[in-house]
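Enquirer: here is the input, now give the coordinates:
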Amino acid sequence: MSGEAVYISSRQNPYVMRVASLSDNKGRAREGLFKFGGFKLFSEAVACGLDIERVILREDVAKKLEEEVRHVMPNAEICVFSESAFDKVSDEKSPEGIITVAKHIDKITKIATIDNIAKLLPPETTVIALESLRDPGNLGTIIRSAAAFGVDTIILSSDCADVYNTRTVRGAMGALFSRRILIADDFPALIAKLSECGRRTLAATLSPDAKTLGDTVLSRSDCVVIGNEGHGLSDETVRVCTSAVIIPMMSGVGVESLNAATAASIFMWELTKNEGYSV
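Expert: Sure, this is the predicted structure:
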């Protein structure tokens with residue numbers, strides 16, 4: 001078991017400043033760490049084998065929470081922060097009084113070259129791809145849906161929201177810890193390579209030749225490509241996709257398109273609906 005919890009009171013303490021820097025993308029990249037709040041996420045991170053650097057507890061609830069943390073992770077390194085110091089590092093509006101600091105996840109990797117994509121994504125892998133998705137909440141929701149529908153891998157363009165953003169982690173509800181995520185610098189080239197490897201790549205876009213979901217049957221080997229919340233997919237990405245697909249909707253005021261996370265969830269259901277689910 002680890003030693004006694006370390007108490008820190010000052011908001012200017014170097015470690016407090018370090019943890020506070022994890023609220024920023026640059027700070028997370030520099031430190032190779034990210035943070036998230038809540039006991040449930042901490043428990044799921046432990047269950048998924050994340051490399052946890054430290055658990056931070058707020059002073060007023062530290063005694064009770066330390067017992068619960070030790071029950072889940074007996075050797076946890078624990079810091080108790082004064083309420084003032086805790087407020088400095090918390091991104092939550094109503095924090096439970098526990099923040100976990102963890103190292104970046106092995107299953108989340110950047111793709112420097114697309115030459116080995118066939119090896120990275122064998123035929124049995126189920127994939128969805130996201131281009132320029134900027135809202136961390138949307139990204140987190142899609143990751144959560146991917147886990148629910150058995151989609152193994154999510155491909156992101158490098159300008160998508162940061163997977164380690166607090167809102168992404170919270171929206172994913174622990175699914176971030178188990179999904180494989182590939183981040184591509186050259187997104188259109190990667191999609192084109194998937195097509196070359198025999199996958200059908202379907203652009204979710206309102207093109208004239210788009211097929212209607214329901215009239216076209218999706219399978220686990222397909223890869224649906226979802227675009228930016230406001231502008232959709234880039235022209236280059238649409239060109240390299242095998243074909244296009246749309247979700248049929250009612251027409252009327254306010255009905256122009258679906259939220260990206262909602263659309264992605266519908267497509268992922270269609271990809272895997274014949275597999276069966278445990279309830």
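Enquirer: list the buried ones in stretch 196-215?
Expert: 199-205, 210, 213 (16 or more other Cβ atoms under 10 Å). The way it works is simple: take the backbone N, C-alpha and C, and place the C-beta from them, glycine included.
Enquirer: er, stretch 146-154 I mean
Expert: Residues of stretch 146-154 classed as buried: 146-147, 149, 151-154 (neighbour count, 16+ other Cβ under 10 Å).
Enquirer: any low-confidence regions in the chain?
Expert: Residues of the chain meeting the criterion pLDDT under 70: 1-2, 251-256, 275-279.
Enquirer: that older thread, can you tell me which of the buried residues of stretch 196-215 is closest to F39?
Expert: A204 (36.7 Å; Cβ to Cβ).
Enquirer: residues in contact with the closest one?
Expert: 224-227, 232-233, 244-247, 263, 267 (Cβ atoms under 8 Å, 6 or more residues apart in numbering).
Enquirer: hmm, back to that, now, the buried residues of stretch 146-154 that are in helices?
Expert: 146-147, 149 (DSSP state H).
Enquirer: between the residues you listed, which is nearest A102?
Expert: When those are compared for distance to A102 (Cβ to Cβ), A147 wins out at 18.0 Å.
Enquirer: how about the nearest residue to that closest one once chain neighbours are set aside, what does it touch?
Expert: Using Cβ to Cβ, 6 or more residues apart in numbering and skipping residues adjacent in sequence, the residue nearest A147 is A175, 3.6 Å away. Residues counted as contacts of A175 (Cβ under 8 Å, 6+ apart) are 143-144, 146-148.
Enquirer: could you rerun that using 6 Å?
Expert: Contact analysis of A175 by Cβ atoms under 6 Å, 6 or more residues apart in numbering lists 143-144, 147.
Enquirer: let me have the residues you listed in JSON lines, adding distance to T166 as columns.
Expert: Shown next, in JSON lines, are these (distance: Cβ to Cβ, whole Å):
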{"residue": "I143", "distance to T166": "14"}
{"residue": "R144", "distance to T166": "15"}
{"residue": "A147", "distance to T166": "19"}
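Enquirer: state the number of residues packed around S23.
Expert: Burial measure for S23: 16 neighbouring residues, criterion other Cβ atoms under 10 Å.
Enquirer: quick one: the strands in the stretch 101-250 of the chain, in order.
Expert: Secondary structure of the stretch 101-250 of the chain (DSSP state E, counting those that start in this stretch): strands at 108-111, 127-130, 153-157, 180-184, 201-204, 211-212, 223-226, 243-246.
Enquirer: pull the CA atoms of the fourth one into CSV?
Expert: Read it as strand 180-184. Below are the C-alpha coordinates for strand 180-184, written out as CSV (Å, rounded to 0.1, in the frame of the first residue of the first chain):
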residue,chain,number,x,y,z
ARG,A,180,-9.3,2.2,-30.0
ILE,A,181,-8.8,5.7,-31.5
LEU,A,182,-6.6,6.5,-34.4
ILE,A,183,-5.8,10.2,-35.2
ALA,A,184,-4.8,10.9,-38.8
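Enquirer: buried ones in that strand?
Expert: Per 16+ other Cβ under 10 Å, strand 180-184 contains these buried residues: 180-184.
Enquirer: from the residues you listed, which is closest to S9?
Expert: Nearest to S9 among those is I181, at 37.6 Å by Cβ to Cβ.
Enquirer: nearest residue to that closest one other than its sequence neighbours?
Expert: Spatial nearest neighbour of I181, excluding adjacent residues (Cβ to Cβ, 6+ apart): I108 at 4.5 Å.
Enquirer: how far away is that neighbour from A102?
Expert: When distance is defined by Cβ to Cβ, to the nearest Å, I108 is 12 Å away from A102.
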